Structures are given as C-alpha cells and as structure tokens.
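J.: quick one, structure for this:
(2 chains)
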Amino acid sequence: MRNKVIGACLFIALASSCVQKTYKRTVVFLLDTKEVKNIHSVGVRGIDKPLSWDYDRPLPALKKDSTYKDTVSFFTGYKFTEVKFVINDQFELKNQPNRRVYFTDGDTTVYRAVFNRSK
Amino acid sequence: MLRKITTPITMPRWWQDLFLAVPRIICGYLLTVVFGSDKFGLPWSSADKNLALFEVVYWFPQDVAAYGGIFKLFPIFFAWMGAFSEAFGGILLLMGFQTRLASFLIACTMLVAIFMQQLQNGTWNMLPAMGFLWVGIYSMILGSGRFGLDYLFAKRYFRK
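T.: Residues are numbered from 1 along each chain as shown, chains lettered A, B, ... in the order given. From the prediction side, this is the model:
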C-alpha cells in the first residue's frame, strides 16, 4: 500500500512538472515587395501568438512599395515558427507550404524574404 | 485483478481476431507516431519541436486550461495525461500490451477531445477523435485478442 501511494505521488509529480520550457524569441521580418504593384496593405500571418492565420499583423513601410519591416516577439518552445506574408489581403505562396523561420541561437533572428518567392 | 485486465477475449476463429486487430494496430500507430509525438516527447518526435523525453509541448496546457472547470484547475496534469495517453497509450495499443488500460486512457482522452475541444467545430472535426474512441471502446472490452502481447502473457502466466 505504501509503495502504491509513493508511486502515485511520483507519477503525479512527473505528470505535473514535465512541460516544455518556453523562451522569448524575437524575429525581425524584412519583406521585399518590389515585384508587386498597387500595394494598399502589407502584413504577416502565422501559427504562433501574437500572430494568427485569421488576421494581419501590419508590416510598416521602411521604404514605401519596396521594403516593409516589423519586429515580433514569440514565447515558444519550438526551434521555428511558420508564417506567410499578405498583401492587400491576399496570401503569398498559394498551395505551397508555409515559410519556416528557424530561430538563431542569439536573441534576435533577422528573416529576409521576397514576397511570393520561397527561399 | 491483473489477470482480468490482461487476459483477452478471443473470437471463435483466428481471422476474426485479425479483423479486430488491424484497426487497433493502425490507430495505435497513428496515435503514437502522428498525433502523440507532436505534443509529447518521444524518441521519434521531430527534432524541430525541441521536446525532451516525456515532456508535454508548451501550448497544450494552455489549450486544456481553456476548457474550464477542473481542466482549468489542473491544466498541466490533464495536458500531460492526454498527451501521454495518445503517445504512450498508442504504443501499447499497437503492441496489444495492457490493451484494456491503454484503451481506457485513450477513450477518456478522446471523450475530452470530442466534447471539450471539437464539439463546437462540427461533426467533421469530431470524426478523428470519434474513430479512436470506437476502437478504444471495443479494445477495452475485448483486450488484444489473439494478435497482441497480452495474449502471449496471459497464456504463459495466467493459464488455469
């Protein structure tokens, strides 16, 4: 009986403590949009919060109609996140896999991309 | 007790056991390799997921807490148990080892998935969990049948 109680306690302790650790990962997105005309809105969508697949996170223009940039911080345990860029509410890379952004070992990852062109 | 849990009910013909074993083995494989290893650290979990052995993925306790009630009180415990049931229970179901115990854990997990997670998303979204639940229910009643380790163990150790 004593062994069963100790076993149950150990099991509950194991079950309550083994959660993957999360880290703050910062990504600087730099998007080249030179090949696209009539740009009204530019954004990024993704799988991990604060991004979402349902709505844009707007990318402010670094140079209008040419380069857009934003810095996003994620709290994640994974080594990567998945995103797609959106211009005028239209997703890039239709029927193609999402972009995988692998985090670098340092604090900040700089991710450069050309709209609708997978790396 | 162990004898009752382990000893399977066998069908009159071996091929009837085989027909029941095939869905059990496929479900066990899918649970451990596809669904379970995504949220629970196993040797075959993707390296990119960065999961240590027997570790539950970081987002799962948050999802479980959102179910409310008792799940909100003990989100880590329920998340770990759910992921463990799929990942490790899937291996047991595949091998037909302690099939009734594994089936019970899997059936409980699938009931939670159906009623707490997918109910508001419609019947189509509930189908995968329902499929695993049906297999879990009959495996809980019958055990492994002839095609599982339980049959061999029962034959060797619990023979009258």
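
J.: count of residues packed around the residue nearest to B:Ala66 when sequence neighbours are not counted?
T.: With sequence-adjacent residues excluded and distances taken as Cβ to Cβ, 6 or more residues apart in numbering or on different chains, B:Ala66 is closest to B:Lys72, at 7.9 Å. The C-beta positions use only the backbone N, C-alpha and C, and glycine is treated the same way. The local packing of B:Lys72 (other Cβ atoms under 10 Å in any protein chain shown) involves 12 other residues.

J.: which ones are touching B:Ser37?
T.: B:Ser37 makes contact with B:Trp44, B:Ser45, B:Ser46, B:Ala87 under the criterion Cβ atoms under 8 Å, 6 or more residues apart in numbering or on different chains.

J.: ok, now which ones touch the third one?
T.: Spelled out, that is B:Ser46. B:Ser37, B:Asp38.

J.: mind pulling up the pLDDT for it?
T.: Taken from the predicted model, the pLDDT recorded for B:Ser46 is 89.

J.: same question, the last one
T.: Confidence at B:Ala87, expressed as pLDDT, is 95.

J.: low-confidence regions, the chain specifically.
T.: In the absence of a named chain, chain A is used. Residues of chain A that meet the criterion pLDDT under 70 lie in A:11-17, A:119.

J.: sorry, should have said chain B
T.: Where chain B drops into low confidence, which here means pLDDT under 70, it does so at B:160.

J.: if you set the cut-off to 90 instead, what comes out?
T.: Low-confidence regions of chain B, defined by pLDDT under 90, span residues B:1-7, B:46-50, B:120-121, B:155-160.

J.: near chain A, which residues of it show up?
T.: Among all residues of chain B, those adjacent to chain A (criterion: Cβ under 8 Å from any Cβ of the partner chain) are B:41, B:47-52, B:54-58, B:61, B:74, B:76-77, B:79-81, B:84.

J.: what packs against the helix or strand the residue nearest to B:Ala66 falls within?
T.: Element membership for B:Lys72 (DSSP states H and E) is helix B:70-73. With contacts taken as 3 or more Cβ pairs under 8 Å, 6 or more residues apart in numbering or on different chains; DSSP states H and E, helix B:70-73 sits against helix B:60-65.

J.: name the SS class of the one residue sitting closest to the centre of chain B, please.
T.: Centre of chain B computed as the mean C-alpha position; nearest residue by Cα atoms, centre = their mean is B:Ile106, 3.3 Å away. Secondary structure for B:Ile106, judged by DSSP: H, G, I helix; E, B strand; the rest coil, is helix.

J.: report how many residues lie close to the nearest residue to it once chain neighbours are set aside.
T.: Closest residue in space to B:Ile106, ignoring its immediate chain neighbours: B:Gly136 at 4.4 Å, by Cβ to Cβ, 6+ apart. Taking other Cβ under 10 Å as the neighbour definition, B:Gly136 ends up with a count of 28.

J.: isn't B:Met11 up against B:Asp17?
T.: Yes: counting by Cβ atoms under 8 Å, B:Asp17 is a contact partner of B:Met11 at 4.9 Å.

J.: compare these two (neighbour count), which wins?
T.: In this view B:Met11 and B:Asp17 are compared by other Cβ under 10 Å, and B:Asp17 has more residues nearby, 21 against 15.
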